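**Q** sequence below, structure please.
(chains A and B)
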Number of protein chains: 2
Amino acid sequence: MTPPLPASLERARQLVTPALERALDRLEPGIREVTDYHFGFDDANGSGGKAVRPALALLSTEAAGAPAETALDGAVAVELVHNFSLLHDDIIDRDRERHHRATAWTVFGEDRATLAGDALATLSLQLLLDGRGPEHVRAAGLLAESTQRMIAGQSQDLALEGRADVTLDEVIAMLSAKTAALLACASGIGAVLAGAPRPLVDRLLSFGEHLGVAFQAVDDQLGIWGEPEVTGKPAWSDLRQRKSSLPVAAALQTDGTELRSLLGRGKLSEEDLARAATLVEQAGGRAWAAREADERLAAALAELDAAAIPAEARDGLAALARFIVTRDF
Amino acid sequence: MTPPLPASLERARQLVTPALERALDRLEPGIREVTDYHFGFDDANGSGGKAVRPALALLSTEAAGAPAETALDGAVAVELVHNFSLLHDDIIDRDRERHHRATAWTVFGEDRATLAGDALATLSLQLLLDGRGPEHVRAAGLLAESTQRMIAGQSQDLALEGRADVTLDEVIAMLSAKTAALLACASGIGAVLAGAPRPLVDRLLSFGEHLGVAFQAVDDQLGIWGEPEVTGKPAWSDLRQRKSSLPVAAALQTDGTELRSLLGRGKLSEEDLARAATLVEQAGGRAWAAREADERLAAALAELDAAAIPAEARDGLAALARFIVTRDF
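**A** Next up is the predicted model:
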């Protein structure tokens, strides 16, 4: 069962949403129309997301002993980059729905959704560059570097797609870039904005990186064995889409002869998909992903313990980390 | 007849190409493959473009009394943003060829071309943020703001498409954002990197802004009356694609009854296109665009004369400006 929402998420939503809307006000009206729909501020079904990354950014600045507001520009900026990636990813993956809601490209066309993503990516750095202080500049540098890693991960993901000989190491490297880089950035950017010393920033970045892989290890289990009513995706969704996934890569690592030949087929029937899911589980792929999630969460928490972080911020980060990797199956 | 290439373009190519390649080396291999093809460094037909924007950036820093190398990061950065826009624009406009060469999305698919564009946009700011000096930070701010304007212009362009009641003012505003913003940035960024005083930077930005509209006024004439062998596009290309174009908007401003009804049709035959081109010309659209190009060039040159710029840099900027607006018909 999913635990209750950590307080840090609700706080992040309350603190960040007005600042996020102010930032979006700077966009051209035609673009703003797309981003307003995408964020869904005025739609009961479109909550503007869970604000995980903003919450990490605010806790990150408190971890460095500064008040949460110090991280506000960073919190908005990482949320902008995250949504830039969603807008473009939904086009690339041809995903027509996100959280039971039609994706932006299906409503406004690929052209306008592409431009809206471009605008958010640029806006994220404008926001930090407007600050001009040395901490804002360092935060902008971290964000740009993390965004580049995220884009690289998306490219690696495309390169792995449809390859039958993908190794577990390749999938981990891809996910570290595609998913973990921005979570690491969110976890470190608040400390950077607080002017924290490098060793603390590095601990927080490493916390976020481990957390990102843990999150993905959970998400990849959901992508195969998640309940459609919960995930909003069809059963065996990731197998259906031939996504590069940790459980599949782990299963192929051990004994994958039947699985490999099954996944090599042109089109998979519902029975094929059920059989593939069973094979992945029997080969230990599901257990591997569950263990990886646990180990990475432990590694993330260990980074917090190794750093000099005020107890309240540390507990907030730990609670948020546990929440992120504990989800319905 | 096209005048000989200004020396500033050849110098920019020699100075900027190695730095540009070093910057591209930071990209993920799958993305690098797309950008290498797009820039076409190793293809006789793919010259990597005319380096107009880098040349402006180098002259801009000399206009502020600094050596050309001072603007190197800025020159590379504007070229990266320009090529980010080409990669995404070609997808949006469904253009299959650019300078007689298959566009990147037709070779690598829309997904990889989209990601390559994303990567170049981010890389442009990474480059300037790596510098860390206050001039580099200001240059990054200018570049981000200009990139946002460019994206806004692309969005405005989509909004104007297919509208029959587009005014000349709307087209000028759209082109000022879509085309002129980045040329203005290129014309000012070198001075910013040289630490020039704000009034000089403003003059140079204004020079580039006028130059951008002048360029577009010429380009829009070519888009209708340019020789296919020269432009590499079919005759009446912009009419065929219903592009928002200065000559058409100017013609509709005066007497556009027949033209409006013609352009309102679903599909235009070759005769329709020839007739539309004649109507635009008879209504004074072509002459208006030619006059606008002249006036904007004069306004650009007047900015140079009003500023305290070393003679050599001023002459270089003037020669480049004249070259940009003098093209084959």
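
**Q** so what's the residue count around the residue lying closest to A:Ser60 once chain neighbours are set aside?
**A** Leaving aside its sequence neighbours, A:Ser60 sits nearest to A:Gly190 (Cβ to Cβ, 6 or more residues apart in numbering or on different chains; 3.0 Å). Any C-beta I mention is one placed from the backbone N, CA and C, and that applies to glycine too. As a burial measure, A:Gly190 scores 31 neighbours (other Cβ atoms under 10 Å in any protein chain shown).

**Q** ok, A:Gly190 touching A:Pro54?
**A** No - using Cβ atoms under 8 Å, A:Gly190 is not in contact with A:Pro54, being 9.6 Å away.

**Q** flag the shaky bits of chain A, pLDDT-wise.
**A** A:1-3, A:42-48, A:327-329 (pLDDT under 70).

**Q** okay, helices next: where are they in the stretch 101-250 of chain A?
**A** Here the stretch 101-250 of chain A has its helices, by DSSP state H, counting those that start in this stretch, at A:104-108, A:110-131, A:134-160, A:168-175, A:181-193, A:198-225, A:228-231, A:237-240, A:246-254.

**Q** quick one: contacts for the residue nearest to A:Ser60?
**A** Taking Cβ atoms under 8 Å, 6 or more residues apart in numbering or on different chains as the contact definition, A:Gly190 lies against A:56-64, A:66, A:70-71, A:74-75, A:204.

**Q** top of these by neighbour count?
**A** Counting neighbours by other Cβ under 10 Å, the top entry in the contacts of A:Gly190 is A:Ser60, with 37 neighbours.

**Q** find residues that contact each of A:Gly190 and A:Pro54.
**A** Common neighbours of A:Gly190 and A:Pro54 (Cβ under 8 Å, 6+ apart) are A:Ala75.

**Q** want to try TSV for the helices of the stretch 101-250 of chain A, with distance to B:Arg138 as columns?
**A** Converted to TSV, those look like this (distance: least, Cβ to Cβ, whole Å):
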stretch	distance to B:Arg138
helix A:104-108	33
helix A:110-131	9
helix A:134-160	10
helix A:168-175	36
helix A:181-193	20
helix A:198-225	25
helix A:228-231	46
helix A:237-240	45
helix A:246-254	44
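
**Q** leaving out the residues flanking it, which one is nearest to A:Gly256?
**A** A:Ala283 is the one closest to A:Gly256 (Cβ to Cβ, 6+ apart), at 6.5 Å.

**Q** so how far is B:Arg132 from A:Asp202?
**A** The gap separating A:Asp202 from B:Arg132 is 19 Å, by Cβ to Cβ, to the nearest Å.

**Q** A:Leu115 now?
**A** 30 Å.

**Q** the more surrounded of the two?
**A** Each of A:Leu115 and B:Arg132 has its neighbours counted (other Cβ under 10 Å); A:Leu115 has more, 28 against 14.

**Q** residue contacts, the more buried one?
**A** Taking Cβ under 8 Å, 6+ apart, one finds A:Ile31, A:Val34, B:His88, B:Ile92, B:Ile151, B:Gln154, B:Ser155, B:Leu158 in contact with A:Leu115.

**Q** relative to A:Ala19, how far out is the residue nearest to A:Ser60?
**A** 14 Å.

**Q** repeat that for A:Asp169.
**A** Distance, A:Asp169 to A:Ala19, using Cβ to Cβ: 39 Å.

**Q** which of those two has more neighbours?
**A** Taking other Cβ under 10 Å, A:Asp169 and A:Ala19 do not tie; A:Ala19 has more neighbours (17 against 10).

**Q** contacting residues around the more buried one?
**A** A:Ala19 touches A:Leu72, A:Asp73, A:Ala75, A:Val76, counting by Cβ under 8 Å, 6+ apart.

**Q** in what helix or strand does it lie?
**A** Element membership of A:Ala19 [criterion: DSSP states H and E] is helix A:7-24.

**Q** quick check: buried residues in that helix?
**A** Neighbour counts over helix A:7-24 (16 or more other Cβ atoms under 10 Å in any protein chain shown) mark A:Ser8, A:Leu9, A:Arg11, A:Ala12, A:Arg13, A:Leu15, A:Val16, A:Thr17, A:Ala19, A:Leu20, A:Ala23, A:Leu24 as buried.

**Q** ok, the second one - contacts?
**A** With contacts defined as Cβ under 8 Å, 6+ apart, the neighbours of A:Leu9 are A:Lys50, A:Ala51, A:Val52, A:Ala55, A:Leu320, A:Phe323.

**Q** the same query, at a cut-off of 7 Å, please.
**A** Residues near A:Leu9 by Cβ atoms under 7 Å, 6 or more residues apart in numbering or on different chains: A:Lys50, A:Ala51, A:Val52, A:Ala55.

**Q** same check on the last one?
**A** Counting by Cβ under 7 Å, 6+ apart, A:Leu24 touches A:Arg32, A:Thr35.

**Q** A:Ser146 contacts A:Cys185, correct?
**A** Yes - with contact defined as Cβ atoms under 7 Å, A:Ser146 reaches A:Cys185; the gap is 3.6 Å.

**Q** the more surrounded of those two?
**A** A:Cys185 (33 against 25).

**Q** count of neighbours near the one residue in the stretch 101-250 of chain A that gets nearest to chain B?
**A** Residue of the stretch 101-250 of chain A nearest chain B, by Cβ to the nearest Cβ: A:Ala152 (3.5 Å). Neighbourhood size, A:Ala152 [other Cβ under 10 Å]: 25.

**Q** check contacts around it.
**A** So A:Ala152 contacts A:Ala177, B:Glu28, B:Ile31 (Cβ under 7 Å, 6+ apart).

**Q** how far away is A:Arg22 from B:Leu279?
**A** 47 Å.

**Q** likewise for A:Ile324?
**A** For A:Ile324, the distance to B:Leu279 - Cβ to Cβ - is 62 Å.

**Q** hmm, back to that, can you say which of the helices of the stretch 101-250 of chain A is nearest to B:Gly264?
**A** Comparing the helices of the stretch 101-250 of chain A against B:Gly264 with Cβ to Cβ, the closest turns out to be helix A:110-131 (21.8 Å).
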